[in-house]
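Undergrad: what's the 3D shape of this:
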Amino acid sequence: MIMNIKKHIKSTILSSFIATSLISGAALAVLSTELQDTNGDGVISAEEITAARDAGKAEKLAQFDADGSGELSRDERRAMRDARYDAMLVAYDADGDGELSKDERRAAKDARRAAVDVQLDVNGDGDVSAEEAAGMEQVKAEREDKRGRKRGKKRDS
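TA: Below you'll find the model as predicted:
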């Protein structure tokens, strides 16, 4: 019973967050594609996270590739960043001054992290276990490895 209540509360919070983001005209990057346990094993694996990320990139490309080149030009990337910032202003500019203060940026970051945690908590117990977090940790480690190798290759060249 308590687990169902916690799951309902989390679902309501996530739905509110998504609705706020969507109303602003551009969903925040982390929620452009929802993380899902597509294979039903009770965790969101690195492969499922990567698939969601790739789907989000394809979605952004379709939305912002104005010239249809299949790539985002500098101007198209700027338009994407501006749309994301505008969405964040609508959702997090608590004082209405048209800018995001340090506290407002922190609130946006905390909300994105909370939304990801809700999605990673596949069993809905209110806690992201080490097993549930493992896929995200693997993706982070792979990204760091990839970035480290790229920098290393540039130095050797």
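Undergrad: SS state for Ala66?
TA: coil (DSSP: H, G, I helix; E, B strand; the rest coil).
Undergrad: I'd say it and Glu76 touch.
TA: Yes - using Cβ atoms under 8 Å, Ala66 is in contact with Glu76, at 5.9 Å. To be clear about C-beta, it is placed using only N, CA and C from the backbone, and glycine gets the same treatment.
Undergrad: between those two, which one's more packed in?
TA: Glu76 (18 against 11; other Cβ atoms under 10 Å).
Undergrad: now for this protein, the helix or strand with the poorest mean pLDDT.
TA: Least confident element among the helices and strands of the chain, by mean pLDDT, DSSP states H and E: helix 2-23 (a mean of 49).
Undergrad: the helices in the chain, which residues?
TA: Taking DSSP state H as the criterion, the chain carries its helices at 2-23, 46-64, 74-92, 102-120, 130-156.
Undergrad: now distance to Gln36 too, for those helices, in a markdown table please.
TA: Converted to a markdown table, these look like this (distance: least, Cβ to Cβ, whole Å):
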| stretch | distance to Gln36 |
| --- | --- |
| helix 2-23 | 13 |
| helix 46-64 | 7 |
| helix 74-92 | 22 |
| helix 102-120 | 8 |
| helix 130-156 | 12 |
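Undergrad: much appreciated, bye for now.
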